[in-house]
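Undergrad: Here is my input; please provide its structure:
(one chain, ligands or ions: 1)
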Amino acid sequence: MPEAAEMKSAKSSREGFPEGPSSAFWTSVRYARDPVGLYRALTKYGDGHTVTMPLLLGPIVGAISPQSAKDILTADTASLDIFGPEALAMVFRPRSLVMLSGEQHARERKLLMPAFNRADAVRAYAVTMQETALQYASEIAVGKPFVMQKLAQRILLQVVIRDVFGVTEPDEQAELKQRVRELFEASSPALIFFPGLRHRFGGIGPYANWQRADARLTRLIHDLIARRRASPPGSKVDVLSLLLTARYEDGSVPSDEVVHDELMALFFAGHAATATTISWVFHWLHRYPETLAKLRAELATLPQDVEPTSYMKLPYLEAVCNETLRIYPPVADLYRKLRVPLRIGSTMVPAGTGVAVFTTIIHAREDLFPEPMRFRPERFAERSYTPFEFLPYGVGARRCIGAAFAHQALKIVVASILRRWELGLETPDEPAVRQGVGVGPKHGVRMRILRNATEEQAPGATGRSAALS
Ligand code: HEM
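TA: Numbers count the residues shown, from 1 in each chain. Reported below is the predicted structural model:
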């Protein structure tokens with residue numbers, strides 16, 4: 001195996017790197033347009049540990065086996081940097097844990113963790129999730145087509161505004177949603193992936209628009225933080241309130257800037273991935289009626305007025321959510337940059353190289369998941385998987401901090417809707433396509449409510465499905 005220095009000089013020619021497609025240009029185009037097709041193509045390079053994905057940014061050595069995933073995800077955190085900070089900077093702020101590494105990153109995680117683990121907080125979040133799912137789904141007229149992904153996005157946005165920001169007053173919620181929407185609309189993929197385009201052009205270009213939207217949302221969040229700090233500490237359990245009372249290990253208090261940056265990270269890291277997964281769950285369940293029937297039978301074992309946290313204990317619901325996260329993990333791959341050389345599988349990868357864990361490829365390995373494109377939740381009952389074989393939320397120091405929150409939302413939203421309504425699928429074929437930085441269903445999963453399964457009209461069934469179509 002060549003020494004690190006030799007490998008470094010070979011970097012641009014890819015000499016010494018594992019096999020992979022030859023054209024950086026076409027691989028980059030395919031990555032942007034058809035990531036799932038690209039992952040399938042990469043699998044042909046081997047039953048080995050790693051494969052090289054040539055990109056315009058330089059080659060990425062990617063893990064396609066659980067062992068190499070382990071090599072990357074359990075490497076000393078001091079040896080790994082975040083990948084592509086210039087691109088991430090459009091979405092995540094500099095003091096948020098997403099942008100930090102090493103000691104600083106660990107310090108921020110410790111500060112945030114209790115807001116997701118406290119039992120009273122978890123129960124409060126569960127109630128919001130159920131109430132919001134039922135309220136928003138009941139606004140859809142029976143018989144009218146709607147897009148499940150849009151419904152799930154509305155539900156998750158409201159859940160995050162209540163559970164993460166702790167905003168309960170409707171006017172304030174509406175303003176926050178408006179500001180967030182403006183920022184989303186101003187964040188074009190071109191600006192994210194090509195930092196060179198970020199010019200103000202006298203205040204009229206897309207970047208200037210983005211800066212204005214960003215400044216408006218930042219002001220609103222700082223205002224929220226100031227008012228929350230000024231109000232007496234009460235019994236409120238939401239991520240912001242818990243963060244304001246949290247302390248670092250040395251007893252110091254997180255600044256307003258840190259709180260702002262963390263809130264933005266939690267907001268942008270999570271709700272789209274969760275909403276996408278919910279829409280896939282509905283797609284798969286309605287493609288495979290026997291799976292749906294089995295899940296309905298399991299849900300029927302619980303009384304109608306059950307506490308929403310009870311859904312967390314249902315094994316088939318757990319298997320359905322896991323199988324959904326397996327086939328198209330919404331965070332399709334995980335990236336790092338090496339500060340020092342690292343052995344990944346049988347490859348010694350030099351410092352400065354980008355490395356990746358291709359979750360989608362690992363989740364489609366025949367040896368782990370026979371007939372990988374078949375939706376079969378039963379596989380999770382038949383055997384157990386190590387954290388490096390099934391890793392939709394990542395593993396190790398950077399594992400998704402919102403994983404429990406997201407998994408709870410998946411189960412509660414799916415179970416609450418299924419117990420109240422019977423639905424039908426409008427578009428049986430739903431190719432997985434690039435959506436932002438993740439992968440999602442091309443048509444957003446078009447469905448129709450067939451009837452109210454409890455036979456009583458849900459409150460406020462007024463037919464506002466146009467907003468979701
Ligand atoms: C189904 C839904 C979700 C999936 C599949 C998912 C997946 C992931 C994955 C794979 C990572 C690890 C990234 C890496 O190793 O580079 C991650 C990180 C993260 N996720 Fe999630 N996520 C979901 C929902 C959420 C939610 C709801 C939140 C917040 C409320 C959230 C907040 C975060 C944050 C802040 C990080 C960065 C952690 C760090 O760098 O230490 N995620 N997520």
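Undergrad: Contacts only, for residue 376.
TA: residue 323 (CB atoms under 8 Å, 6 or more residues apart in numbering). (C-beta placed from N, C-alpha, C; glycine too.)
Undergrad: So which bits of this protein are right by the ligand?
TA: 97-98, 109, 265-266, 269-270, 273-274, 277, 330-331, 334, 392-394, 398, 400-402, 405-406 (CB under 6 Å from any ligand atom).
Undergrad: Let's see the ChimeraX selection covering just the buried ones among these.
TA: Buried members of the residues of the chain next to the ligand, defined by 16 or more other CB atoms under 10 Å, are picked up in ChimeraX with:
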select :97,98,265,266,269,270,273,274,277,330,331,334,392,393,394,398,400,401,402,405,406
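Undergrad: From the residues of the chain next to the ligand, which land in strands?
TA: Among the residues of the chain next to the ligand, the ones falling in strands (DSSP state E) are residue 334.
Undergrad: Now, the residues of the chain next to the ligand that are in helices?
TA: 109, 265-266, 269-270, 273-274, 277, 405-406 (DSSP state H).
Undergrad: And the furthest pair within these?
TA: Greatest spatial distance in those: 109 and 277, 22.9 Å, computed using CB to CB.
Undergrad: Just the CA atoms of stretch 343-353, as PDB, please.
TA: Below are the C-alpha coordinates for stretch 343-353, written out as PDB (Å, rounded to 0.1, in the frame of the first residue of the first chain):
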ATOM      1  CA  ARG A 343      -7.400   2.800   6.500                       C
ATOM      2  CA  ILE A 344     -10.900   2.100   5.200                       C
ATOM      3  CA  GLY A 345     -11.400  -1.600   4.500                       C
ATOM      4  CA  SER A 346      -8.300  -2.500   2.500                       C
ATOM      5  CA  THR A 347      -7.600   1.000   1.200                       C
ATOM      6  CA  MET A 348      -5.300   3.500   2.900                       C
ATOM      7  CA  VAL A 349      -6.900   6.900   2.100                       C
ATOM      8  CA  PRO A 350      -4.700  10.000   2.300                       C
ATOM      9  CA  ALA A 351      -5.300  13.100   4.500                       C
ATOM     10  CA  GLY A 352      -7.400  15.700   2.700                       C
ATOM     11  CA  THR A 353      -9.600  13.200   0.900                       C
END
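Undergrad: Just the buried residues of that stretch, please?
TA: 344-345, 347-353.
Undergrad: can you tell me which of those lies nearest to the ligand?
TA: Comparing the buried residues of stretch 343-353 against the ligand with CB to the nearest ligand atom places residue 344 closest, at 15.3 Å.
Undergrad: Now do the helices in the stretch 101-250 of the chain.
TA: In the stretch 101-250 of the chain, the segments counted as helices under DSSP state H, counting those that start in this stretch are 102-112, 114-117, 119-137, 148-163, 170-186, 189-193, 206-230, 239-245.
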